[in-house]
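# What follows is a protein structure lacking sequence information:
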């Protein structure tokens, strides 16, 4: 059972947070390396999506209704 504390929510979401950080790092590395614009944009979208997943998880863990996107 996940602890209903901030610490417990952070621990439970740690893999998502690590994934989001890694995605952002890949995006910045691609920018710095001068990779093709379409590749940089793809990595930006992946990083943005990963951070949105973290936000959605945190809101859900705090008891908010999940956001429905159409």
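Looks like it arrived, so ask away. Every value quoted in this text rests on a predicted model; they were computed, and no experiment measured them. Numbers count the residues shown, from 1 in each chain.
# hey, where'd the helices end up in this protein?
6-33, 37-61 (DSSP state H).
# least reliable of those going by mean pLDDT?
Here the lowest mean pLDDT among the helices of the chain goes to helix 6-33, at a mean of 86.
# What is the burial count for residue 44?
17 (other Cβ atoms under 10 Å). All C-beta atoms are positioned from the backbone trio N, CA, C, and that covers glycine.
# quick one: it from residue 61, how far?
26 Å (Cβ to Cβ, to the nearest Å).
# likewise residue 28?
28 Å.
# now do residue 15
13 Å.
# ok, the two, which is more surrounded?
With neighbours defined as other Cβ under 10 Å, residue 15 and residue 61 compare such that residue 61 has more, 16 against 10.
# Do I have it right that the more buried one meets residue 13?
Yes. Counting by Cβ atoms under 8 Å, residue 13 is a contact partner of residue 61 at 6.9 Å.
# Go ahead and confirm residue 54 touches residue 13.
Yes. Here residue 54 reaches residue 13: they are 6.4 Å apart, a contact under Cβ under 8 Å.
# And these two? Which one has more around it.
More crowded of residue 54 and residue 13, by other Cβ under 10 Å: residue 13, with 19 against 16.
# Distance check, the more buried one against residue 35.
29 Å.
# Likewise for residue 14?
From residue 14 across to residue 35, the span is 29 Å (Cβ to Cβ).
# out of the two, which sits in the more crowded spot?
Using other Cβ under 10 Å, the more surrounded residue of residue 14 and residue 35 is residue 35, with 14 against 10.
# Tell me the pLDDT of the more buried one.
At residue 35, pLDDT is 98.
# Quickly note the distance from it to residue 27.
In this view, residue 35 and residue 27 are 10 Å apart by Cβ to Cβ.
# ok, now residue 63?
Distance of residue 63 to residue 27, given as Cβ to Cβ: 31 Å.
# Show me which of the two is the more surrounded one.
residue 27 (22 against 7).
# The more buried one reaches residue 50, doesn't it?
No. In this structure residue 27 lies outside contact range of residue 50 using Cβ under 8 Å: 9.8 Å.
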